[in-house]
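Undergrad: Provide a 3D model corresponding to the input given below.
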Amino acid sequence: MSRMLLFPGQGAQAVGMGRELAEGLPACRGLFERASGILGFDLLKLCAEGPIEELTRSHNAQPAIFTVSTAARAALAHFAGGGWAVAGAAGHSLGEWAALCEAGVVTFDDAVRILQARGRFMQEACDAAPGGMLTIIGLSLEQVREVAAASGLEIANLNSPAQTVLSGHADRLAAGEQAAKAAGAKRALRLAVAGAFHSSLMQPAADRLADFLEGIEFRAPAIPVWSNVTGRPHTTPDEIRRRMVEQVVSGVRWTDCFTGMAAAGMDLAFECGPGSVLAGLGKRIAPDVKVSHILDLAGAEEAAKLAAES
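TA: This next block holds a predicted model:
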């Protein structure tokens, strides 16, 4: 079987995430210590104890989820041992930075710096223009486009054929819920995120991120990494830098990413990090792809056994 790595995005945060990994493996604890030194506060304490309100703020959530995801990947490597490889990687929104780190495009330390800055820029954009996100389940893309037009929202995430996320001003979310229900949606749920991510309201954050990334070295990816913006593999370092700025205001083409990886022959996925959203989406996008979720030591050990059998 051909293996892929998947990394979750914002909204997956939960108090307690990463604690067992850090307590159980020195390599995982070392990642938290490195991240804490860069961030200027005890990241493991925040992840393990919360409060959730502070953990959810973008400048904390983004480096926290990245570090937990990278620690989960390190736990998988610990139990799997050396000599096994992955054919590709992808991440949802901020998770794409974990995929780029996996591919050697950016270093772990630089990714932590980027995500703290990215999160701060996005949080400030959220504070300046309060917004939110709305998951629509059970409508076609064309129907969701009609809901977006009727409510003044924007399409933010193309998560699966049956799930699309809208984003926009906070005062438009109720209209989006009403329009979705009127169109026959099975569910219309507000996400636990800080604002209107992947929408035009994030343009100030994208502009500031572009300036910040000028000081970061980008390298050619050692393995294919699928782009949220295009739904296809990234190419050159300069292209990656541009796409990662565009990603802040563009819709996440997750269905295209996962479909593309499956079409490339990858039939075994490891979701590294908090939550299991990507595993659930994978079942709806490409049911033949087996997805294993890794957040704790037991999950990492089970995933390593699965990798050894493939």
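
Undergrad: could you list the domains of this structure?
TA: For the chain, automatic domain parsing gives the domain ranges 2-127+200-309, 130-190.

Undergrad: count of residues packed around A220?
TA: Residue crowding around A220 was assessed by other CB atoms under 10 Å; the count is 12. Just so you know, the C-beta spots here come from the backbone N, C-alpha and C atoms, and that holds for glycine as well.

Undergrad: equivalent analysis for R34, please.
TA: Count around R34 with other CB under 10 Å applied: 16.

Undergrad: secondary structure class for it?
TA: Assigned state for R34: helix (three-state reduction, DSSP: H, G, I helix; E, B strand; the rest coil).

Undergrad: what sits against it?
TA: Contact analysis of R34 by CB atoms under 8 Å, 6 or more residues apart in numbering lists 108-109, 112.

Undergrad: okay, it: pLDDT?
TA: With respect to pLDDT, R34 scores 98.

Undergrad: quick one: buried residues of stretch 147-166?
TA: Neighbour counts over stretch 147-166 (16 or more other CB atoms under 10 Å) mark 147-148, 151, 153-160, 162-166 as buried.

Undergrad: give me the contacts around it.
TA: Applying CB under 8 Å, 6+ apart, the contact partners of stretch 147-166 are 92-93, 133-139, 141, 144-145, 167-169, 172-173, 175-176, 178-180, 183, 185, 191, 196-200, 251-256, 281, 284-285.

Undergrad: quick one: which of the buried residues of stretch 147-166 sit in helices?
TA: Using DSSP state H to define helices, the subset of the buried residues of stretch 147-166 located there is 147-148, 151.

Undergrad: now the residues you listed in CSV, with distance to S292 and pLDDT?
TA: Below are these laid out as CSV (distance: CB to CB, whole Å; pLDDT from 0 to 100):
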residue, distance to S292, pLDDT
V147, 34, 98
A148, 34, 97
S151, 38, 97
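
Undergrad: filter the contacts of R34 down to the buried ones.
TA: Buried subset of the contacts of R34 (neighbour count, 16+ other CB under 10 Å): 108, 112.

Undergrad: any idea which of the contacts of R34 is closest to E124?
TA: V112 (18.8 Å; CB to CB).

Undergrad: in a strand, that's where that closest one is, yeah?
TA: No: using three-state DSSP, the secondary structure at V112 is helix, not a strand.

Undergrad: per-residue pLDDT, it?
TA: For V112, pLDDT reads 98.

Undergrad: ok, E309 to W84 distance?
TA: Plainly put, E309 is 11 Å away from W84 if you go by CB to CB, to the nearest Å.
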